[in-house]
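Trainee: predicted model, plus sequence, below.
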Amino acid sequence: MTRFETDLPTYTCPWCWEAVTAVIDCSGLPMEIIEDCEVCCRPARLLIAETAAGELTVDVTRSD
């Protein structure tokens, strides 16, 4: 993955456990964002990084 692409990783909402897709701008990795779940509207904290192989990792926790 190049640094000027976007990606659509799917993660599990830490509140309602539904699968949610995020639109990620990969030009500023690593990054931390707060995103509201599209199902339950509660905030999730996403820590997004790129592995040496060029794949995204998404660590998700609740954001209060």
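Mentor: Noted; the coordinates are in hand.
Trainee: pretty sure L56 is touching T6, no?
Mentor: No: using C-beta atoms under 8 Å, L56 is not in contact with T6, being 10.6 Å away. In this view, the C-beta of every residue, glycine as well, is placed from N, C-alpha and C.
Trainee: low-scoring stretches of the protein, by residue?
Mentor: The chain contains residues with pLDDT under 70 at 1-4.
Trainee: so where do the strands sit in this structure?
Mentor: Counting by DSSP state E, the chain has strands at residues 6-7, 10-12, 19-21, 24-25, 31-36, 43-50, 56-62.
Trainee: elements contacting the first one?
Mentor: By that I understand strand 6-7. Here strand 6-7 touches strand 24-25, going by 3 or more C-beta pairs under 8 Å, 6 or more residues apart in numbering; DSSP states H and E.
Trainee: neighbours of the closest residue to C37 other than its chain neighbours, how many?
Mentor: The shortest distance from C37 to any non-neighbouring residue, by C-beta to C-beta, 6 or more residues apart in numbering, is to C13 (4.3 Å). Neighbour count of C13, defined by other C-beta atoms under 10 Å: 21.
Trainee: before we move on, what about A53?
Mentor: 6.
Trainee: ok, now T10?
Mentor: Using other C-beta under 10 Å as the criterion, the residues surrounding T10 number 9.
Trainee: shouldn't it be in contact with I24?
Mentor: No: taking contacts as C-beta under 8 Å, T10 lies outside contact range of I24: 11.1 Å.
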